[in-house]
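Enquirer: Build me a structure from this.
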Amino acid sequence: MIAIMGATGATGNALLTRLLELGMPCRALSRYPERLRAMPYSPTDVEIRYADAADPATLRAAFEGATQLFLAMTNGPAQVELETCAIDTAAECGIEHVVKLSVPTAAPDSPVAIARWHYAIEEVLRASGITHTVLRPYAFTQKLLLLGPDVATKGAVVGTMGQAACNYIDCRDIADVAAAAHTRTEIAGGTYTLTGAKAYSYPELTALLSAMLHTPIRYIDLPPADFREHLIEQSGLPGWLANHIMEIQRLAITHPERPTDTVARILGKPPRTLESFLMENLEAFRDRV
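Expert: Numbers count the residues shown, from 1 in each chain. Next comes the predicted model:
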């Protein structure tokens, strides 16, 4: 039995779908199980249980009888505490293998705060004695949908990354790699940095959108302080998340990003392309006025 934390998230739900296609017994866990029950899964397809990482009692009930755990949680200031609780409870419940969703720059001295948090969680995993696989994907392609309102209403993408390129990866490719880690012994136990096949700058991204939408989309490159204000005042992000976006965009400038071939090597096929994702979701970028 594979327990999936974060089963309502883009990666967790894609993993659930893939494991069901493979005929693997799954248990979908969430603080919002009603969202899972609203999805097209029958009780015979998958078990659905309530689980709150802040409440070990709910985790013990959710992990009972499971042998593997997919651990993915929304980034946030309490992340180390919550994921540590999940790992400690998994060890207590006899979970044999944890597949953790991490970040590519996880290190104790990373300039990205969230990367330092993930490194601390990876250290907890290493100390737990549980066999573990660590997935370190770069930026989720699905996060580009957050640019939709600015593209649709202003004809622009706003950032502070200059001409630097960013690695993107589709959450469905991350899920396929996670499924491989859960089902193939030769994959389990490794640490994998995951990207798409090509890195893209914001000018390249806006050029793609311009061609697909048949209207000019421009890139507005702001000074860091102005971009932070834009994220907080216009996009409504909390300060810690605005700081995170600033940090990863700055890192793309100081540490140029290059794609890996890890997804292709593990899955035996190339990763999904940014172009195909944009075409699939083009309506999110259209002005509906």
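Enquirer: where does the stretch 1-150 of the chain dip in pLDDT?
Expert: For the stretch 1-150 of the chain, the stretches flagged by pLDDT under 70 are 40-44.
Enquirer: can you pull the buried residues of stretch 269-277?
Expert: Residues 271-272, 274, 277 are the ones in stretch 269-277 that count as buried (16 or more other C-beta atoms under 10 Å). For the C-beta atoms, the positions are set from N, CA and C on the backbone; glycine is no exception.
Enquirer: CA atoms only for stretch 156-165 - export them in PDB, please.
Expert: Extracted C-alpha coordinates of stretch 156-165, given in PDB (Å, rounded to 0.1, in the frame of the first residue of the first chain):
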ATOM      1  CA  ALA A 156       2.900  41.200 -19.900                       C
ATOM      2  CA  VAL A 157       4.900  38.900 -17.700                       C
ATOM      3  CA  VAL A 158       6.600  40.600 -14.800                       C
ATOM      4  CA  GLY A 159       9.800  39.400 -13.200                       C
ATOM      5  CA  THR A 160      13.300  40.300 -12.100                       C
ATOM      6  CA  MET A 161      15.300  37.600 -13.800                       C
ATOM      7  CA  GLY A 162      16.700  39.500 -16.800                       C
ATOM      8  CA  GLN A 163      17.700  37.200 -19.600                       C
ATOM      9  CA  ALA A 164      18.500  34.300 -17.300                       C
ATOM     10  CA  ALA A 165      16.900  30.900 -18.200                       C
END
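Enquirer: what comes up buried for it?
Expert: Buried residues in stretch 156-165, counted by 16+ other C-beta under 10 Å: 157-161, 164-165.
Enquirer: is it possible to export these to JSON lines including distance to Gly12, pLDDT and secondary structure?
Expert: As requested, the buried residues of stretch 156-165 are arranged in JSON lines below (distance: C-beta to C-beta, whole Å; pLDDT from 0 to 100; DSSP: H, G, I helix; E, B strand; the rest coil):
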{"residue": "Val157", "distance to Gly12": "27", "pLDDT": "93", "secondary structure": "strand"}
{"residue": "Val158", "distance to Gly12": "29", "pLDDT": "91", "secondary structure": "strand"}
{"residue": "Gly159", "distance to Gly12": "27", "pLDDT": "90", "secondary structure": "strand"}
{"residue": "Thr160", "distance to Gly12": "30", "pLDDT": "92", "secondary structure": "coil"}
{"residue": "Met161", "distance to Gly12": "28", "pLDDT": "91", "secondary structure": "coil"}
{"residue": "Ala164", "distance to Gly12": "30", "pLDDT": "94", "secondary structure": "coil"}
{"residue": "Ala165", "distance to Gly12": "28", "pLDDT": "93", "secondary structure": "strand"}
